[in-house]
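A.B. asks: let me see the structure of the following:
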Amino acid sequence: MGPPARVWSVALHGVDGVPVEIETVVGGGIPGVHLVGLPDASLQEAKDRVRSAVVHSGRAWPNQRIVLALSPATLRKTGSRFDVALACGVLAATGAIPADRLRGTALLGELALDGRLRPVRGVLPCLLAAREAGMVRAVVPRAVLAEAALVDGLDARGADRLTDVLEWAAGERELDRAGPPDTAGHGPAVPELSDVLGQDDARRALEIAAAGGHHLLMVGPPGTGKTMLAQRIVGLLPELDRSEALQLAAIRSVAGRLGDSAPLSVLAPFVAPHHSASIAALLGGGSGVARPGAVSLAHRGVLFLDECPHWPATALDSLRTPLEEGEVRLSRADGTVRYPARFQLVLAANPCPCAPPVDRDCRCRPDVRRRYLARLSGPLLDRVDLRVQMSPVTVLAAADERGEDTATVRARVLAARAAAVERWSADGWRCNAEVPGTVLRSRFLLPPAVLAALQARLDAGELSARGADRAMRVAWTLADLAGAARPGPADVDAALYFRDRGAA
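C.D. replies: Now for the predicted structure:
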């Protein structure tokens, strides 16, 4: 029995890659293939895929005892991304291919029975982890080569078949390198804000939400523009920086939704699941290691829940922890994973179940209307900073009476965001909505005269301490939009106004 051959691949744990060393020993017992290191069922099935792919690639499969050890041994290995590494490990152990080029190389890809390389999920976070571990090269299926190109400082190569990989390892050919990453794609054009007629309060609330990262609830009859407004908030948000775009692309890669056209999008995501979606679809889930859900796909963007009273109460209440902590923790039999979930929540609701186009035509009893909106629990509503009541549009505006366009409002939003970043950058916060209430009540406490209305609401029991903190955050955003150094009484009054409007 010769010394073990060593090759490298990468396992996924949530959106974090974990380098896996695969040691292979051939000989010393009854013929067979033995995988050790907590492989799951799909990885156990790799034995048959790898053997068939090697034979169809014109190489001999050793009729000896083969032991493949995947380290760290305590980490459960899932998926089919280890196939190429297993095949190369076996052939390197028998001396069929030299091991020189395999040193410092991460091998990823699923093998078809005829030796074709099939794409796998999570290539981006895997290669980011490989780079951090000191690897200098990666071999991936050609179909995901554009995704691999997003990782700077790693020589990514693409192959179509196992034969290509083996010939490259033997120095007989070169594999195609990844081209420059496509970072110019900003996704589809964002809808224009000036298309929304009327709704001055809602437009103002949307601007405040975009400027401060605040959560928003819109209540109004059908056809008043709730969905139109929600879709247009993305055009007001700042573009993602490279680290944020990479983090979002990693989440999409794990979920299998990265796509090929513009893998590194700098446009803030907009995710709008249907109200029939399960809690697993909303937060993440699945068998084995849980996959990211809608809250993670909306990371650094907007999660829009239309017809929110129709959502199950358990699903809505499950958002409370991600809203506060900016991440979601999912526990399964294979372990606990964490996915980032720092998103803006935008809710839309009709005022009653019958939802006529004009409120005066409603036939619902008062108790029915109350129960309908009461499906949104108090703790969830307490986390919503802005609430706005929308009225039916009764006059079609002329072309010269349209509201401000997206570019004009976005300029104010970006200026307000820049002011907030300058104020909070030393502490690492990016917008007013992320600032802890303890900081607003200590280092940045406003004078009693400014907080008089807020204190009165607290004394009357009409506002919780968390609600007061959120109102102060909105007041700081209003001051940033106005170009003021600190909020004044009018900003606090406006913040309280927008906390009450949704209950009108």
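A.B. asks: let me know the pLDDT of the closest residue to Pro269 other than its chain neighbours.
C.D. replies: Spatially, and ignoring its direct neighbours in sequence, Pro269 is nearest to Gly301 (3.4 Å; C-beta to C-beta, 6 or more residues apart in numbering). Bear in mind the C-beta positions are built from the backbone N, C-alpha and C, glycine included. With respect to pLDDT, Gly301 has a value of 94.
A.B. asks: do Pro188 as well
C.D. replies: Looking at Pro188, its pLDDT reads 63.
A.B. asks: ok so, going back, and the residue nearest to Pro269, what does it touch?
C.D. replies: Each residue near Gly301 by C-beta atoms under 8 Å, 6 or more residues apart in numbering is listed here: Val234, Leu237, Leu248, Ala268, Pro269, Phe270, Val271, Phe343, Gln344.
A.B. asks: cutoff 6 Å now
C.D. replies: By C-beta atoms under 6 Å, 6 or more residues apart in numbering, the contact set of Gly301 is Ala268, Pro269, Phe270.
A.B. asks: any idea whether Val492 is helix, strand or coil?
C.D. replies: What DSSP: H, G, I helix; E, B strand; the rest coil gives for Val492 is helix.
A.B. asks: my guess is it meets Arg473, correct?
C.D. replies: No: using C-beta atoms under 6 Å, Val492 is not in contact with Arg473, being 11.3 Å away.
A.B. asks: low-scoring stretches of this structure, by residue?
C.D. replies: The model of the chain has pLDDT under 70 over residues 1-2, 180-188, 260-263, 287-289, 333-334, 359, 394-401, 501-504.
A.B. asks: tell me the helices and strands packed up against the longest strand seen in it.
C.D. replies: Taking DSSP state E as the criterion, the chain has its longest strand at strand 16-26. If you count contacts as 3 or more C-beta pairs under 6 Å, 6 or more residues apart in numbering; DSSP states H and E, strand 16-26 packs onto strand 5-13, strand 65-71, helix 83-93, helix 123-132.
A.B. asks: what about 10 Å?
C.D. replies: strand 5-13, strand 32-36, strand 65-71, helix 83-93, strand 105-107, helix 123-132, helix 242-255, strand 335-340 (3 or more C-beta pairs under 10 Å, 6 or more residues apart in numbering; DSSP states H and E).
A.B. asks: can I get the third one in PDB? Just the C-alpha atoms.
C.D. replies: I take that to be strand 65-71. The C-alpha coordinates for strand 65-71 follow below in PDB (Å, rounded to 0.1, in the frame of the first residue of the first chain):
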ATOM      1  CA  ARG A  65      -9.700  -1.800  -1.800                       C
ATOM      2  CA  ILE A  66     -10.100   2.000  -2.000                       C
ATOM      3  CA  VAL A  67     -10.500   4.200   1.100                       C
ATOM      4  CA  LEU A  68     -11.500   7.800   0.600                       C
ATOM      5  CA  ALA A  69     -11.300   9.900   3.800                       C
ATOM      6  CA  LEU A  70     -12.900  13.400   3.800                       C
ATOM      7  CA  SER A  71     -11.600  15.700   6.500                       C
END
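A.B. asks: neighbours of Asp83, how many?
C.D. replies: Using other C-beta atoms under 10 Å, Asp83 is surrounded by 28 other residues.
A.B. asks: just give the nearest non-adjacent residue to it, would you?
C.D. replies: Once flanking residues are discounted, Asp83 sits nearest to Leu111: 4.0 Å by C-beta to C-beta, 6+ apart.
A.B. asks: isn't Leu458 up against Arg441?
C.D. replies: No: the criterion here is C-beta atoms under 10 Å, and Leu458 misses it with Arg441 at 11.8 Å.
A.B. asks: overlap of the contact sets of the two?
C.D. replies: Leu451, Ala465, Ala468 (C-beta atoms under 10 Å, 6 or more residues apart in numbering).
A.B. asks: of those, buried ones?
C.D. replies: Buried members of these, scored by 16 or more other C-beta atoms under 10 Å, are Leu451, Ala468.
A.B. asks: list the ones among the shared contacts of Leu458 and Arg441 that fall in helices.
C.D. replies: Under the assignment DSSP state H, the shared contacts of Leu458 and Arg441 contribute Ala465, Ala468 to helices.
A.B. asks: could I get stretch 206-226 in PDB with only the CA atoms?
C.D. replies: The C-alpha coordinates for stretch 206-226 follow below in PDB (Å, rounded to 0.1, in the frame of the first residue of the first chain):
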ATOM      1  CA  LEU A 206     -41.500  55.500   0.500                       C
ATOM      2  CA  GLU A 207     -38.800  58.100   0.300                       C
ATOM      3  CA  ILE A 208     -38.300  58.100   4.100                       C
ATOM      4  CA  ALA A 209     -38.200  54.300   4.100                       C
ATOM      5  CA  ALA A 210     -35.500  54.200   1.300                       C
ATOM      6  CA  ALA A 211     -33.500  56.900   3.000                       C
ATOM      7  CA  GLY A 212     -33.400  55.300   6.400                       C
ATOM      8  CA  GLY A 213     -33.800  51.600   5.700                       C
ATOM      9  CA  HIS A 214     -37.200  51.600   7.600                       C
ATOM     10  CA  HIS A 215     -40.000  49.000   7.300                       C
ATOM     11  CA  LEU A 216     -43.200  50.200   5.800                       C
ATOM     12  CA  LEU A 217     -46.900  49.200   5.900                       C
ATOM     13  CA  MET A 218     -49.400  50.500   3.300                       C
ATOM     14  CA  VAL A 219     -53.100  50.000   3.800                       C
ATOM     15  CA  GLY A 220     -55.700  50.900   1.200                       C
ATOM     16  CA  PRO A 221     -58.300  49.500  -1.200                       C
ATOM     17  CA  PRO A 222     -57.300  47.600  -4.400                       C
ATOM     18  CA  GLY A 223     -56.000  49.800  -7.200                       C
ATOM     19  CA  THR A 224     -54.600  52.500  -5.100                       C
ATOM     20  CA  GLY A 225     -51.000  51.800  -6.100                       C
ATOM     21  CA  LYS A 226     -49.700  49.800  -3.100                       C
END
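A.B. asks: buried ones in that stretch?
C.D. replies: 206-221, 224-226.
A.B. asks: equivalent analysis for stretch 18-29, please.
C.D. replies: Val18, Pro19, Val20, Glu21, Ile22, Glu23, Thr24, Val25, Val26.
A.B. asks: hey, what's the fourth one bridged with?
C.D. replies: Read it as Glu21. Glu21 forms beta bridges with Trp8, Ser71, as assigned by DSSP bridges.
A.B. asks: so who does it touch?
C.D. replies: 4, 6-9, 37, 69-72, 85, 89, 133.
A.B. asks: just the buried ones among the residues you listed, please.
C.D. replies: Pro4, Arg6, Val7, Trp8, Ser9, Gly37, Ala69, Leu70, Ala85, Gly89.
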